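J.: Build the 3D model from these lines:
(2 chains)
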Amino acid sequence: MTHMLRSVLLMGALAVSTGCPKPALPPTPPVVTADNTWAPDAPVVAQTVANGELWHLHRPGLPLVSLRLVLPGGSSLDPAEQHGLTSFSDDMLLRGSGDMDAAAFSAALQRDAIDLSVQTHRSATVVSLDCTADVLPAALALLDQALTAPSFDAAEVDRARAQRIQSRKDALDDPRSVASAVGWSWWFGADSPYAHSGAGTVSGLEAIAPDDLSASWTARARPETARWVVVGDADLDTVQDLLEKQFGDWAPSGDAPPTLPPPPGRTVPHAKGGRILVDNPGASQTVLRVWMPGWSPTDPRLVAGDLGTVVLGGTFTSRLNALLREEKGYTYGARASVVTGQGYGAVQVYTNVFIDTTGDALADLTGELKRITEGVTEDEVGKARASRRTDAIEVAAGRASTAYHLVGLAVDGRPADAQLSDLRLADRVQKSDIDGVMATLSLDDAMVVVVGDLEKIRAPVEAALPGDWQVVDVHGKPVQ
Amino acid sequence: MVTTFLAAMATTLALGPVALAETPELSIPFERYQLDNGLDVILHVDHTSPQVVVNTWYDVGAKDEVLGRTGFAHLFEHLMFMGTERLPDDGFDVFMERHGGWNNAWTSEDATDYYDVGPSHLTELLLWMEADRMDALSKAMTQEKLDKQRDVVRNERRQSYEDSPYGVVWLAMPTALYPVGHPYAHSVIGSHEDLEAATVEDVVTFFDTWYVPANASLVVAGDFDPVQAKGWIDQTFGQVPERKAPERDAAPAPVDKPVAPLTELTDQVQASRTWMLWHTPAAFADGDAAMDVLSGVLSDGRASRLYARLVTDAGAATEVDTGQWSQQYGSVFMVALTPADGQTCDAVEALAMEELTRLATEGPTEEELARVKAGLRVSFLRSLEDVQARASLLNRYRILTGDPGYLAHDLARYEAVDASAVKAAAASLSAERAAILRVHPEEEGADQ
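T.: Numbering: from 1, shown residues only, chains lettered A, B, ... in the order given. Just a heads-up that it's a prediction; the model follows:
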């Protein structure tokens, strides 16, 4: 039921079997000669429907196609009293369109084993379609129907609302989700259109009417602003022909695209130096999260910063995991990663530690955050480079994973060949470049969020990291 | 090393008529042989991506733990990364990552699987490292290593179950389903008490008993030269001494009814949720595939039986989920339901039972069967895209069926499921055979 995750020649062989003495296992690991000649394919960039842009990679072999449609907007468009509107509206695309209700549409997708889903980011909506190549025309017809004739049926809206409210309640039960939501809220600042969770709030979801949902979608459904990403067993001509045939008459129904809020332009927390506590009575672990300053997607220091962050916490043997898990046994795992979106970037550090070790763990964690600003070793740089190269190979091996990666670039406002250029740049980046970038990270600028049983952890937390600690509720609002 | 049986083999998966009509065939070609020490070796060459996977399954899991040592198979899995005399301390991870490789492992009731992944030029290194720990892990075991990983595993338990919403239900399921003494009567993660009781002597005994070449299967998959790889395997795994294969108790008799028909639990959650569980046929046994198809009919998509009845029509639930957990000594079928506001666990369980009874009487429609089978075929296809998944699949087939080339048979058993098989599967899920586990918000208590 459960899977616990841990984290010569043939002739020579035959000779051994006939009684020759066996040598022992070699006493040392074999020498590795690296082959770093592989490079990812960059997608072809072409124009498509209504002058929208198409990023295409032909991947024959298995008859699978992954298509993504990226539309600007996202949850940053949510009105202040209707947090969750964009995501809710996007969800309704899958809940009935044309003459099909939600069940009929779902059955039509299943009949041809078509996966269709929608993800709402802060600055974009991404529609994902995965299918076999032979049903691509039928899949595009269903996608067209969903995009251009969604029903927004009132009963289905109520059902979706109930499910989304349940999901929000579930998220509030999970201390890791709470830490993430509270942290991002304080990172952007409560008044920022980027601050709230795209899934919304219970009160925001309750305030949304069916007409609000259809108006939200109508304003954003504009082919001229779309970017299409297609990876798989369909060549460029075929894809362009199919898109033009299916979507050539797709016209925006609104007067003009919605006015997008300006990108947040944030690489330092709004709550610079913030120290935030959230109570979680009875918890056996404490969630520790740190938001360090980062780099926006277009910052030329991004690749060096990413490699430095890999050294800090990007792999199993990175500094944080080596210390907090393997040496001290405080946690099941500790990691750090660079998080970017259009106009913002952060280094995020996360771990859950046994409650009795909270103070020691926080002291060790912040100690590592200081130490990384003092520089990295050549060995660590080599390891980070090798890790990123392996990641790129694995991404490129799959159609859906490649499409996912390209969507990330599109949402971040980066060019289609950024994976290739990043990999080449990573090979050129020197230790001194990484040292220079990591030296700019300051714990004084960082925001720390701790979720745990305050009665037991508050004193050790404040002793481990003195500062102006503020208690907030699970929604991020200060409590007395 | 000696090649004792089976030259190059390939298994071919002829795809069904729906969705994949244009696809001529799919396969996981492989070559299988056995070393003198009893280790099964399976080579699967694929040059489409410059990566290699070394996947080693040991035929040991939580089912093989002894009384008072629950969680030990999984704890041992962690200890496999703690170094040997040849590659001490954290060398396994450090050395691998230095060259762009990474690894992980998992433990289930039935098996333990270790996988190492990296660019092609790491093939020889990964083989040496896996062989090194198969040969001599226990010689370097210390109390300090055990203590460290014990702390890590206890934190895994806290993170994944104790502080995870509804996590308590997964810890309670084994005791609700199986009688004391049954190999599945405890959780894979084990109890804190038993984890604390583990000793270095336990580690050495476990290694000597279960981590022997004849109880393992090695898959090398990806971009490598098979002739060269055979040489490396001979120089590494081929040098691991033959050790006595473990002797197992006979498989336990199938369990038909749960130990506890109703278990009420509380957790720090805002909504009640219920899980209905039944004992079902073992992995790959007759009836196992029908349970997967039944699951699709019940809960895949908004046209599925339970979703349509409980969520759309009655508005009684907000979410439904089902699944067949296929296991060696007997599987478990699950129906998980989230009652809507104002609804009770009792009410949604009753509705689910009505739908199961209706399906057992009327059977699925041809349309329902076709939809579910189309999804299963394409999920097979998608799983074949990833070389890591292919490596794991070859070993799963090898360990659980004895035949790494079982892929074609596996798909065929799903194709063979007809309406009557699904009816029979639904009929087996009777109210009197169910174990029900409910989780309620702590402030409400177990009275709903």
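
J.: just for chain B, where's the confidence low?
T.: The model of chain B has pLDDT under 70 over residues B:1-26, B:444-448.

J.: buried sites along stretch B:87-101?
T.: B:87, B:90-101 (16 or more other CB atoms under 10 Å in any protein chain shown). No exception for glycine: its C-beta is placed from N, CA and C like everyone else's.

J.: And it, end to end?
T.: Stretch B:87-101 has an end-to-end distance of 16 Å (CA to CA, to the nearest Å).

J.: B:Gly101 against B:Glu124, yeah?
T.: No - the criterion here is CB atoms under 8 Å, and B:Gly101 misses it with B:Glu124 at 11.6 Å.

J.: hang on, the earlier thing: with respect to chain A, which of the buried residues of stretch B:87-101 is nearest?
T.: Comparing the buried residues of stretch B:87-101 against chain A with CB to the nearest CB picks out B:Gly100 as the nearest, at 3.3 Å.

J.: so who does the residue lying closest to that closest one once chain neighbours are set aside touch?
T.: Once flanking residues are discounted, B:Gly100 sits nearest to A:Ala386: 3.3 Å by CB to CB, 6 or more residues apart in numbering or on different chains. The neighbours of A:Ala386, taking CB atoms under 8 Å, 6 or more residues apart in numbering or on different chains as the test, are A:34, B:97-100.

J.: What lies in contact with stretch A:163-181?
T.: Contacts made with stretch A:163-181 from outside it, assessed by CB under 8 Å, 6+ apart, are listed as A:84, A:87-88, A:91, A:197, A:199-202, A:205-206, A:278, A:280, A:283, A:285, A:287, A:289, A:350, A:352, A:449, A:451-452, A:474-476, B:163-165, B:268-271, B:318-319, B:338.

J.: tell me the SS of the residue in the stretch 101-250 of chain B that chain A sits nearest to?
T.: Across the stretch 101-250 of chain B, the shortest distance to chain A (CB to the nearest CB) belongs to B:Gly231, at 1.9 Å. The three-state assignment at B:Gly231 reads helix, by DSSP: H, G, I helix; E, B strand; the rest coil.

J.: Tell me the spacing between it and B:Val219.
T.: The gap separating B:Gly231 from B:Val219 is 17 Å, by CB to CB, to the nearest Å.

J.: okay, those two: which has more neighbours?
T.: It is B:Val219, of B:Gly231 and B:Val219, that has more neighbours when counted by other CB atoms under 10 Å in any protein chain shown, with 28 against 20.

J.: now the strands for the stretch 351-480 of chain A?
T.: Counting by DSSP state E, counting those that start in this stretch, the stretch 351-480 of chain A has these strands, from start to end: A:447-452, A:469-472.

J.: Most tightly packed of the ones you listed?
T.: For these, the stretch with the most neighbours on average is strand A:447-452, a mean of 27; neighbours defined as mean count of other CB atoms under 10 Å in any protein chain shown.

J.: ok now it, how far from the chain's centre?
T.: Between the centre of strand A:447-452 and the centre of its host chain there is 21 Å, according to CA atoms, centre = their mean, to the nearest Å.

J.: How is the chain partitioned into domains?
T.: Here I'm looking at chain A. When chain A is parsed into structural domains using automatic domain parsing, the resulting residue ranges are A:44-247, A:275-472.

J.: other chain: chain B
T.: As given by automatic domain parsing, the domain ranges for chain B are B:35-239, B:262-441.

J.: got the residue ranges for the helices in the stretch 201-350 of chain B?
T.: Defined through DSSP state H, counting those that start in this stretch, the helices belonging to the stretch 201-350 of chain B, from first to last, are B:226-235, B:288-299, B:305-306, B:345-362.

J.: same thing with the stretch 101-250 of chain A?
T.: The residue ranges that make up the helices of the stretch 101-250 of chain A, judged by DSSP H, counting those that start in this stretch, are A:102-111, A:136-148, A:154-173, A:175-188, A:202-206, A:210-220, A:236-247.

J.: Kindly reformat these as JSON lines and extend each row with mean pLDDT and mean neighbour count.
T.: Compiled in JSON lines, those are given as follows (pLDDT from 0 to 100; neighbours: other CB atoms under 10 Å in any protein chain shown):
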{"stretch": "helix A:102-111", "mean pLDDT": "98", "mean neighbour count": "21"}
{"stretch": "helix A:136-148", "mean pLDDT": "98", "mean neighbour count": "20"}
{"stretch": "helix A:154-173", "mean pLDDT": "97", "mean neighbour count": "18"}
{"stretch": "helix A:175-188", "mean pLDDT": "97", "mean neighbour count": "22"}
{"stretch": "helix A:202-206", "mean pLDDT": "97", "mean neighbour count": "18"}
{"stretch": "helix A:210-220", "mean pLDDT": "95", "mean neighbour count": "19"}
{"stretch": "helix A:236-247", "mean pLDDT": "96", "mean neighbour count": "17"}
